[in-house]
Structure formats: structure tokens, C-alpha cells
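K.L.:
quick one: sequence plus predicted model below, questions after.
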2 protein chains.
Amino acid sequence: MARRVSSRDVAREAGVSTATVSYVLNNKESQTISPETTEKVLDAVRKLGYVPNQAAQTLVTSRQQNKGLSKLVGVIIPQTEPGKKFVFSNPFYGDLLSSVEYTARINGYHVLISGTTAEQSYVEIAKNRSLDGIIIVGMYPSSQINEYKKLQIPIVMVDCYRSDHFFHNVGVNDRHGAYLATNYLIEHGHKNIAFISGSVQDYGVNHERLMGYRDALEGKGIDYSEQLVFSGDVSYIYGITAAEQISQNKDITAVFATADIIAVGAIKGFRKSGLNIPKDMSIVGFDDIHLARLAEPSLTTVRQDISKKGEAAMELIITNILSPVMPRQDISIPLTIVERDSVSYITNTDLSL
Amino acid sequence: MARRVSSRDVAREAGVSTATVSYVLNNKESQTISPETTEKVLDAVRKLGYVPNQAAQTLVTSRQQNKGLSKLVGVIIPQTEPGKKFVFSNPFYGDLLSSVEYTARINGYHVLISGTTAEQSYVEIAKNRSLDGIIIVGMYPSSQINEYKKLQIPIVMVDCYRSDHFFHNVGVNDRHGAYLATNYLIEHGHKNIAFISGSVQDYGVNHERLMGYRDALEGKGIDYSEQLVFSGDVSYIYGITAAEQISQNKDITAVFATADIIAVGAIKGFRKSGLNIPKDMSIVGFDDIHLARLAEPSLTTVRQDISKKGEAAMELIITNILSPVMPRQDISIPLTIVERDSVSYITNTDLSL
DNA sequence: CTGAAAGCGCTTACAG
DNA sequence: CTGAAAGCGCTTACAG
């Protein structure tokens, strides 16, 4: 491999010192360089095709702060199991990563993606690469999260519900989103609304969404009943199963499914049971995945701006790199209802029964 | 930020020189270190939680070769437009990236993802980060590809058809895949088989797939007719449109769609036209996206092992880093037919007409 | 306004 | 078997 062009080559070409080259390229306000010298250096840079060596820059700036050393931000995406591949098939991660990368790039940063191996913790990777910050997506065991605290670099958690809030957070207000969905159904005249979700823990996304569902019912003076809560796993199959169970209960006229994939399964399940969507059963989902638009009927759902999420996360990192004493931030990305064809009005509830 | 533990700290703790620390950690066969010393160093490393500084390593190894300097491999994913976000929503890229990253990781490499900005070409990024190799996914303008040649580092192109083959290549045999799909339909008794695809260029994926379609027809002595070729864009919508056109031609009993998304649209289109799938019309797709399994009926399609693709690409890079004089490689990932419910037999073609 | 020099944290001939 | 020393390519006080 041909030796790379260094700042010394540029200095020689321009007839100046490497210090001057550095001053020109980093235009420090502390140093003023004459226009002529600046021009000479820039010409030499162009002529030789000089690109600074980031490794050298990282090394030399390791003593200072408020700058970012490596201009590298790590992104941690959930893995099926530690040391294995990512659970990346979910298009959500692709969209998120895309906006994370874009926001990094226009700010002069790059993105390192990496899972962890049995032999190497992410903390080691962060040290080894002199990461300027880390974005952690999804839920992880507390032990792992605690490790990161030692790192003393900006860290943003995305979509992570935890009891202790040590790092910055970016997420959606799941409770509010569930409220929106449920309330939408109520405003369409529905009263007996089933709730279908993955497993509901004491905290976490589904817990929040269940709370939002209850908020909406309560807001309209409708009694909450555990009978209407169906919880399994986040899958198409479970959507079918839940729908078949729900079909047994003739009072139920609507369903809020906490994930589109469940909702789409439910559509299938209801159809199997001979119910027409939306005439006999209204459904609202959550996520607005690609499939939501293609479903038959197309699915009314709660949409989050994934792009904004990634942008917010990376902006938080960068802001925090620049001002290390910044207080912890909690950012909530707005949610909106996307109206499609899976919900119908019930005008005369009593008569229709 | 607390000063990091350096090899000097380790050396001091172990009562040896930094050279010895380096020898122990990199266990060079050229240097033999006594077991006692090795033990002392390793103890110190553990005690202090020492992690080598990659920037320093990259910098110092910049004079040697056959090693990889930065242990960093760049991955270029298609962007909507230069300087913008990735076209990442396609789950394909997520799967690919996942296996690329995994393969890198278990080999001691990391993955840098980055698009390009107007102000900064990827060549600059590669130099700046001392990238050890690059994986380029998809098609790019020749001018851009030519830029990369200067870089003198291993480069693998994934799914890229080009007239000049300068870099390593990883892809699928699209022609063979199309042959498999078409032949599958022929073996189910179909003779009038329509071909639906995105725009067909003089070279590229769709061109190859059209060739494979023709191969299969020819292999069974069936005449090729341009009347049966429908080409628009790779979208659900176009699938609907094409299906509606095809419904006009009562001779056609089967369709090979070169993308599942088109095939799923076609299912919808045929249903609109009152045709039953697979009784009145058989369909085979290509890709095996998530949707293929969920479609009604589920879609028979050609599947590629995306994971293998990423693995092969990264392995090629790493092999080439270790042996820089390696000849150009061309790797084709196997394709298989996934049989589902969208194809039926035609036993008595003549009678059925 | 510009340059000489030190130093970031490593690795590797070379000497012993 | 181990260490002193040079050097990778930068940046930044400091001196002038």
C-alpha cells in the first residue's frame, strides 16, 4: 500500500510547518494565519489529496475534553443472544440506524455498529475505540447497563424502560399512544374494547400501553375489565389466536392491538371466525409498519416518527459531547393516529346488540 | 473524563517495560516471554482493566502491511440521494448488515457504516479512518466506483452488476433463480407464464432474471413472447396494475414476479379481477420477504440466504487483508425455491381452456 | 503571524 | 528473555 500523504508532505509542499497546516485546517480562533499562507496550504492539500489521519487525531486529542476524541459514536442494537447476530430483521432498526447515521454524518461523526462477544464486553470496545458516545437501543439487563456507567461518556438509551434513569432517554410516550388509540375507538362509539399485547411486565412498553388504554377508558367513564385484556407474544400467530378467543365474546366490538403485527394477525383471526372488519369489529394497531398499509383492510394505527427518534438520540449525544456537564435529558417523540380502513362507527350501540 | 489506563500503567504495575506488555498481549512468535513475566503482565492488565488504545495501534501499524491497520471495515448502503439517509427500510439491508457485523466481530474487526456527504467523498472517509476494507452494497455510478480503485484496499461489491469487474463480488445467480422459479411453474403444467419485474436494463438484476425466465422456457421448448413481459417498477402498486393487465389475457395461467412485493401486489390485483389464487392463477415471487409468508395465499418464492451473503462478503475482505495479493473472487450464494400455497398444478391444459 | 518541540499510546527492530 | 529508543501523524502550548 502506497504511503499515505501526511501533514508533513503538505507542509513541505506549501513551504510551511506542520503546525501551520494544522492551524489552517482546524481554523482555531486562537491562531490567526495570513490569507496568503492559508491559500498556500489549501492548495497543497488539494494538490496532494491530503486527508488527516483520524487515528493520530484521536491519539493526540486524548488529553483534552469537550471535543470528542474519535468522532465515533457506538450504536448497540438488540441481539438474539449475546455474541450472536442482531435482531435486525425488524425494519424499525434500519430506519432508526439510518437517521442516526445521517445525523452523525452531517455533524462530522461516524457510527460504529457492534454487538458484543463473549470475550469482549462493549465497555472494552468503547475504550478501545475511544468512542465519544453510545446509543443503546432497546432493553438490556441491568448488569450490562451498569457497566456502562464507568465509561464516563454521553450515553443515550432509546426505547428503554428502566426503574433507574441514569442516562439520557429517547422514546415515545407509549402510554399516551395507547390513550390515543383507545380514545379513537371510544370516539367511534365503541365501549367494549379488547386489549391485545405481548407479555405485560411490571414496567416496560406493554405496561405503559395498558395504562394508556385504561386512561382512555377512565376518561370516558368506561369500566376497565381484565376479561378484555389478552396478552401473549408479539406475533402474527398470537394475533390470530387472540382474535379467535375474542370472537367468543359477542359484546366486544373493537380491539386495540399494541403492535401492528398482532393487529394484522387479528384481522386474519377475525376473518376466520366469520367477522367482517371493520363492520363487525374495529381494530387499531401500533407502530405503522409497512404491512399496516398493505393489510386488508388497511390498518388504522399509531405511528411514531422513527427518523426523529434517531435524530434526537444522536443530537443528544453530540450536544453532550460539547457540553459534558449537561443534565440528563428525557425526550419523547410525538405519536399520531394514522386513519385507515379498520375502524367503523357504532352509532346506536344499544340497538345494534 | 478520568485518564485512561495505558500500557505504561500496566508496565509499571507489573514491573516490566511497555515493550514487554506489548509482547505479552500480542504474543508474537518472534518474541518469547517467560511464563512468570507473562503472568505478572496479565495480572496487571486484569487489575487495572487495561484495554489497548486502537488509535495508537492504528497509528503505529501504519507502516506495516498484511495486518489491517484500523480493524475497521466500512459498509456502504444505498442512499436515497447522495448525502441523505439510507434506503434502509428494506429489511434486506438489516439482515445483511447483521451478518456482516457478526462475521467482522468474531474476527476481531468492527464495522463503520456511513453514507457520503456532499463535502466528503467515501474515499476521504476511508483514508481518514484508515479503513482496512470496504463492502459496497447495491448499484452505484461508475464514477464513484472508479474513485475507490485508488484506495488500494480490499473491496467487495454485493449485488452489483457491472461491465467491468475490478473488485470482489458477492451476489446471487439471479439468472439461475429466475430459471428455478419459471421451471417450477412449467413443471406444474404451466405454459403461458407472464414475467413481471421492475425496469429491465441492458444489464442488472432484472435483465438477468429475464434471461433465466427465457432459459427455462427454452429448456422446455416453450416459445418466448414479449407479450408476456410486464415491466414497471418494484412496488406493490405495480403488482396490482400488472395483474389487472394480465387478467385480460385468458391464456395466461401463471406469473413469475421478480420481487415478492410485486407478487403480493399481483395477488391483490388478480383478486380484484375475480381470479382465485392459485386455482385460476399461479404465482411465484423472488426474495422471500417477511410478507411472503403472511400473504393470502402464502407465496411460493425464490429465497436467498442473506446471512450467507454478508458472511461471504466479510470473509472475503478479511482473507484479502491477510493476503493482499489474492486474486479477484466471485461468489454466488445459493438460491432455493420455498414452496407455499400460490401455485397449483394444471394437469390437462388443453381441456381446461 | 509562524515554527520548534513535546507528547498522545502504542509496536518493533535492535541491542544486550 | 527483556528493555531503551525511535517513530507512526497529528495538535498545542510556548517562544519568538
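P.N.:
Done, it's in. Numbering: from 1, shown residues only, chains lettered A, B, ... in the order given.

K.L.:
for the stretch 51-200 of chain A, what spans make up the helices?
P.N.:
A:54-60, A:91-106, A:122-128, A:142-149, A:174-187 (DSSP state H, counting those that start in this stretch).

K.L.:
of all these, which lies closest to DNA strand D?
P.N.:
Evaluated over the helices of the stretch 51-200 of chain A, closeness to DNA strand D peaks at helix A:54-60, with 3.3 Å, by Cβ to the nearest atom of the strand. (Glycine included, C-beta is placed from N, CA and C.)

K.L.:
check which residues of the closest one are buried.
P.N.:
A:54-59 (16 or more other Cβ atoms under 10 Å in any protein chain shown).

K.L.:
please enumerate residues in contact with it?
P.N.:
Contacts to helix A:54-60, defined as Cβ atoms under 8 Å, 6 or more residues apart in numbering or on different chains, come from residues A:69-71, A:130, B:53-56, B:58-59, B:62, B:69-70, B:128-130.

K.L.:
and for stretch A:226-246?
P.N.:
Residues contacting stretch A:226-246 (Cβ under 8 Å, 6+ apart): A:192-200, A:206, A:210, A:249, A:252, A:255, A:257-259, A:261-270, A:272-273, A:281, B:294.

K.L.:
what residues of that stretch count as buried?
P.N.:
A:228, A:230, A:232, A:234, A:236, A:238-243, A:245-246.

K.L.:
not counting sequence-adjacent ones, nearest residue to the closest residue to chain B within the stretch 101-250 of chain A?
P.N.:
Nearest residue of the stretch 101-250 of chain A to chain B (Cβ to the nearest Cβ) works out as residue A:127 at 4.0 Å. With sequence-adjacent residues excluded and distances taken as Cβ to Cβ, 6 or more residues apart in numbering or on different chains, residue A:127 is closest to residue B:51, at 4.0 Å.

K.L.:
so where's chain A uncertain?
P.N.:
Counting by pLDDT under 70, the ranges of chain A that qualify are A:1-3, A:27-31, A:63-67, A:80-91, A:118, A:163, A:347-353.

K.L.:
what residues does it have near DNA strand D?
P.N.:
Neighbours of DNA strand D within chain A, by Cβ under 7 Å from any atom of the strand: A:3-4, A:6-8, A:18-19, A:21-23, A:25-26, A:28, A:50, A:52-53, A:56-57, A:59-61, A:64, A:67.

K.L.:
contacts only, for residue A:301.
P.N.:
Per Cβ under 8 Å, 6+ apart, neighbours of residue A:301: A:181, A:260, A:263, A:284-288, A:292, A:337-338, A:340.

K.L.:
nearest to residue A:92, out of these: which one, please.
P.N.:
Proximity of the contacts of residue A:301 to residue A:92 (Cβ to Cβ) peaks at residue A:287, which lies at 7.6 Å.

K.L.:
just to revisit the earlier point, need the buried ones from the residues of chain A next to DNA strand D selected in PyMOL.
P.N.:
Selection command for PyMOL covering only the buried members of these, criterion 16+ other Cβ under 10 Å:
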select buried, chain A and resi 6+7+21+22+23+25+50+52+53+56+57+59+61
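
K.L.:
kindly identify which of the residues of chain A next to DNA strand D also come near DNA strand C.
P.N.:
Counting by Cβ under 7 Å from any atom of the strand, the members of these near DNA strand C are A:18-19, A:23, A:56, A:59-60.

K.L.:
now the strands: where do they sit in chain A?
P.N.:
Secondary structure of chain A (DSSP state E): strands located at A:72-76, A:110-113, A:133-137, A:155-158, A:168-172, A:193-198, A:229-232, A:254-257, A:282-287, A:300-304, A:330-333, A:335-338.

K.L.:
out of the helices of the stretch 51-200 of chain A, nearest to residue B:146?
P.N.:
Of the helices of the stretch 51-200 of chain A, the one closest to residue B:146 (Cβ to Cβ) turns out to be helix A:91-106, at 22.6 Å.

K.L.:
in the closest one, which residues are buried?
P.N.:
Applying 16+ other Cβ under 10 Å to helix A:91-106 flags A:91-105 as buried.

K.L.:
of the contacts of stretch A:226-246, keep whichever come out buried.
P.N.:
A:192-198, A:200, A:206, A:210, A:252, A:255, A:257-259, A:261-270, A:273, A:281, B:294.

K.L.:
tell me the contacts of the residue lying closest to residue A:126 once chain neighbours are set aside?
P.N.:
Computed as Cβ to Cβ, 6+ apart, the closest residue to residue A:126 that is not its neighbour in sequence is residue A:151, at 5.5 Å. Taking Cβ under 8 Å, 6+ apart as the contact definition, residue A:151 lies against A:123, A:126-127, A:131, A:134.

K.L.:
redo the residues you listed as JSON lines? Include distance to DNA strand C and neighbour count.
P.N.:
Shown next, in JSON lines, are the contacts of residue A:151 (distance: Cβ to the nearest atom of the strand, whole Å; neighbours: other Cβ atoms under 10 Å in any protein chain shown):
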{"residue": "A:123", "distance to DNA strand C": "15", "neighbour count": "19"}
{"residue": "A:126", "distance to DNA strand C": "14", "neighbour count": "26"}
{"residue": "A:127", "distance to DNA strand C": "9", "neighbour count": "21"}
{"residue": "A:131", "distance to DNA strand C": "15", "neighbour count": "25"}
{"residue": "A:134", "distance to DNA strand C": "20", "neighbour count": "23"}
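
K.L.:
mind picking the two most distant members of these?
P.N.:
Spatial extent of those (Cβ to Cβ) is set by the pair A:127 and A:134 at 11.5 Å.

K.L.:
right, and residue A:277 touches residue A:284 too?
P.N.:
No: the pair residue A:277 / residue A:284 is not scored as a contact, 11.4 Å apart, by Cβ atoms under 8 Å.

K.L.:
what touches both of the two?
P.N.:
By Cβ under 8 Å, 6+ apart, the residues touching both residue A:277 and residue A:284 are residue A:342.

K.L.:
more neighbours: which of these two?
P.N.:
residue A:284 (31 against 24; other Cβ atoms under 10 Å in any protein chain shown).

K.L.:
who's in contact with the more buried one?
P.N.:
Taking Cβ under 8 Å, 6+ apart as the criterion, residue A:284 is in contact with A:181-182, A:184-185, A:254-257, A:263, A:299-302, A:337, A:342-343.

K.L.:
by neighbour count, which of those residues wins?
P.N.:
In the contacts of residue A:284, the most neighbours by other Cβ under 10 Å go to residue A:255, 33 neighbours.

K.L.:
got a list of what it touches?
P.N.:
With Cβ under 8 Å, 6+ apart, residue A:255 has these contacts: A:193-196, A:243, A:246, A:263, A:266, A:281-284.

K.L.:
what does the stretch 251-353 of chain A have sitting close to chain B?
P.N.:
With the criterion set to Cβ under 8 Å from any Cβ of the partner chain, the stretch 251-353 of chain A comes near chain B through A:264, A:268, A:290-291, A:294, A:296, A:307, A:324.

K.L.:
closest to residue B:43 among these?
P.N.:
residue A:324 (33.3 Å).

K.L.:
so how far is residue A:135 from that closest one?
P.N.:
From residue A:324 across to residue A:135, the span is 17 Å (Cβ to Cβ, to the nearest Å).

K.L.:
out of these two, which sits in the more crowded spot?
P.N.:
residue A:135 (28 against 12).

K.L.:
got the contact list for that one?
P.N.:
So residue A:135 contacts A:73-76, A:100, A:155-156, A:158, A:313-314, A:317 (Cβ under 8 Å, 6+ apart).

K.L.:
what is the nearest of the residues you listed to DNA strand C?
P.N.:
Nearest to DNA strand C among those, with distances taken as Cβ to the nearest atom of the strand, is residue A:74, at 18.3 Å.

K.L.:
wait, doesn't that closest one sit right on residue A:130?
P.N.:
No: Residue A:74 lies out of contact with residue A:130 (Cβ under 8 Å); the separation is 10.5 Å.

K.L.:
count the neighbours of whichever residue of chain A sits closest to DNA strand C for me.
P.N.:
Distances between chain A and DNA strand C by Cβ to the nearest atom of the strand are smallest at residue A:32, namely 2.8 Å. The local packing of residue A:32 (other Cβ under 10 Å) involves 9 other residues.

K.L.:
thanks a lot, see you next time.
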